[in-house]
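Trainee: My questions are about this predicted structure, shown below with the sequence.
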Amino acid sequence: MVTIKDIAKAANVSTMTVSRALQGNKNIRQETRERVLQAARNLHYIPNYNAKNLVMRQNDSIGLFFSSMVGTSEDFLGDLVSEVYRFLPKNYLLAVNSIDQLTSDKDHLMDSIFGRFDGIIVATQSERDDPFIELIHELKIPLVVMNRLLKNPAICNISIDESLGIKEMVGYLKTQGIKTAGMIRGIPGFFSSELRDRIFQEECARLEIQITATATDTGKYTTSSGYHAMKRLLAANDTLPDALFCGNDDMAIGAAKACAEQGIRIPADLSLIGFDDTKYARFFSPALTTIHKPYREMAKAAMKLLLALLANETVAFPKQQLNSWLVIRDSVKEKAKA
């Protein structure tokens, strides 16, 4: 199969120039564009998708890229896909992808994404996604990045201030008489894991809530990982802390099951807090106190922003940050240890 790398060699230009010329980028000189198009015709270049033409094409396809399908909460992933799909125009298809499964070779990566999508949304969890994000930006593909605050001011970005909800949660624990706490963290290297851990520790230190070193562990944002992390904590501690903060609701639910198997009552023996406020949190018994992350609203805002870019509309607010907040339910003991 002929690739844009082959065209670049034949036309004596860079692969980036080829991609821009085939997209009809106005910054490419007419003479260069014609040379690229002629090389493409000579090589019988046919993209491995149904293109309408080589210069100006509409693929009626939106790409939704996650950092990884592994470790992303099923509820979080499913709700984001559902929300994006809800605002998808009827003539568009939605393609869901995983960045960590893509090739690291830039030329091959360009071949895999160039021309396939009219626009792309990236739900990023890690700075490891930045080279992929920057490449899409360089290719001038309409792009919105959500979930993590980006440093590049030129990229449309929808993020959530997760620190607000964590600070509110720790303040609430203090009012309930909580004196000691533990934590089950999320995936190492994920932006959300590092931030939630850091802010939780800082706020506990500020409000003089002691974090029990032996009551901290790491999970993978899955229910089973929360279950196994809790089993390890129970084995390592004769006395549990007053409260346990889990990096997301899935791990909190897994931790609760491990507690139930050992006869530990929530919240009588251990106050439990999650993060995300997924649809199962309110129906869990006891109903889970958690931090509401408005990720459905984030996906809605990202999709509306992308549609504006596709319509060549002026975007009034290319950078948006939503707030998180505490949702108090039944899994934190009232006036515990007071």
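Mentor: Alright, I've got the coordinates. Residues are numbered from 1 along each chain as shown.
Trainee: What average pLDDT does stretch 80-92 get?
Mentor: Averaged over stretch 80-92, pLDDT sits at 92.
Trainee: and that stretch, how far out from the chain's middle?
Mentor: 17 Å (Cα atoms, centre = their mean, to the nearest Å).
Trainee: Now do it: distance from first to last residue.
Mentor: Counting by Cα to Cα, to the nearest Å, you get 17 Å between the two ends of stretch 80-92.
Trainee: With stretch 314-321 instead?
Mentor: One end of stretch 314-321 sits 19 Å from the other (Cα to Cα).
Trainee: List of residues touching it?
Mentor: 149, 153, 156-161, 301, 305, 308-309 (Cβ atoms under 8 Å, 6 or more residues apart in numbering). (C-beta placed from N, C-alpha, C; glycine too.)
Trainee: Can you list the buried residues in it?
Mentor: By 16 or more other Cβ atoms under 10 Å, the buried positions in stretch 314-321 come out as 318, 320.
Trainee: Please, where are all the helices along the stretch 1-150 of the chain?
Mentor: 4-11, 15-23, 30-42, 74-86, 106-113, 130-138 (DSSP state H, counting those that start in this stretch).
Trainee: closest to F65 out of those helices?
Mentor: helix 130-138 (7.4 Å; Cβ to Cβ).
Trainee: Go ahead and name everything in contact with the closest one.
Mentor: 16, 65, 99, 102, 106, 109-110, 113, 120, 122, 124, 143, 145, 150, 152, 154-155.
Trainee: Please apply the same query to stretch 207-218.
Mentor: 170-171, 173-174, 178-188, 201, 204-205, 229-230, 232-233, 236-237, 240-241, 244.
Trainee: one more time with 7 Å, if that's ok
Mentor: Contact with stretch 207-218 is made by 170-171, 173-174, 178-185, 188, 201, 204, 229, 232-233, 236-237, 240-241, 244, as judged by Cβ atoms under 7 Å, 6 or more residues apart in numbering.
Trainee: Which members of those are positioned in strands?
Mentor: Secondary structure defined by DSSP state E assigns 180-185, 244 of the contacts of stretch 207-218 to strands.
Trainee: Now flag whichever of the residues you listed is closest to G24.
Mentor: Nearest to G24 among these, with distances taken as Cβ to Cβ, is R185, at 46.8 Å.
Trainee: Surely R116 is in contact with S61?
Mentor: Yes - if you go by Cβ atoms under 7 Å, R116 and S61 touch, sitting 6.4 Å apart.
Trainee: give me phi/psi at A308?
Mentor: The phi/psi pair for A308 (degrees, to the nearest 10) reads phi -70, psi -40.
Trainee: For L288, which of the helices of the stretch 1-150 of the chain is the nearest?
Mentor: Of these, nearest to L288 by Cβ to Cβ is helix 74-86, at 12.5 Å.
Trainee: Any buried residues in that closest one, and which?
Mentor: The neighbour-count check on helix 74-86 (16+ other Cβ under 10 Å) flags 75-77, 79-81, 83-84 as buried.
Trainee: sorry, back to before: now list the buried members of the contacts of stretch 314-321.
Mentor: Neighbour counting with 16+ other Cβ under 10 Å marks 156-160, 301, 305, 308-309 as buried within those.
Trainee: Return the closest of the residues you listed with respect to A287.
Mentor: The nearest one, if we look at the buried ones among the contacts of stretch 314-321 relative to A287 and count by Cβ to Cβ, is I160, at 22.6 Å.
Trainee: Domain parsing of this protein, as residue ranges.
Mentor: If you go by automatic domain parsing, the domain ranges for the chain are 1-57, 162-293.
Trainee: Highest mean neighbour count out of those domains?
Mentor: Highest mean neighbour count of those: domain 162-293, a mean of 20 (counted as mean count of other Cβ atoms under 10 Å).
Trainee: rewinding a little: which of the domains of the chain sits closest to M69?
Mentor: Proximity to M69, assessed across the domains of the chain by Cβ to Cβ, is greatest for domain 162-293 (11.7 Å).
Trainee: Report the mean confidence score over that closest one.
Mentor: In this model, domain 162-293 has a mean pLDDT of 96.
Trainee: Span of it from start to end?
Mentor: Taking Cα to Cα as the measure, domain 162-293 stretches 7 Å from start to finish.
Trainee: Centre of the chain to it, how far?
Mentor: Distance, centroid of domain 162-293 to centroid of chain: 20 Å (Cα atoms, centre = their mean).
Trainee: coming back round to it: which pair in the ones in strands among the contacts of stretch 207-218 has the greatest spatial separation?
Mentor: Greatest spacing in the ones in strands among the contacts of stretch 207-218, by Cβ to Cβ: T180 and R185 (17.2 Å).
Trainee: tell me the contacts of the residue located most distally from the centre of the chain?
Mentor: Distance from the C-alpha centroid of the chain peaks at N42, with 42.1 Å (Cα atoms, centre = their mean). By Cβ under 7 Å, 6+ apart, the residues touching N42 are A10.
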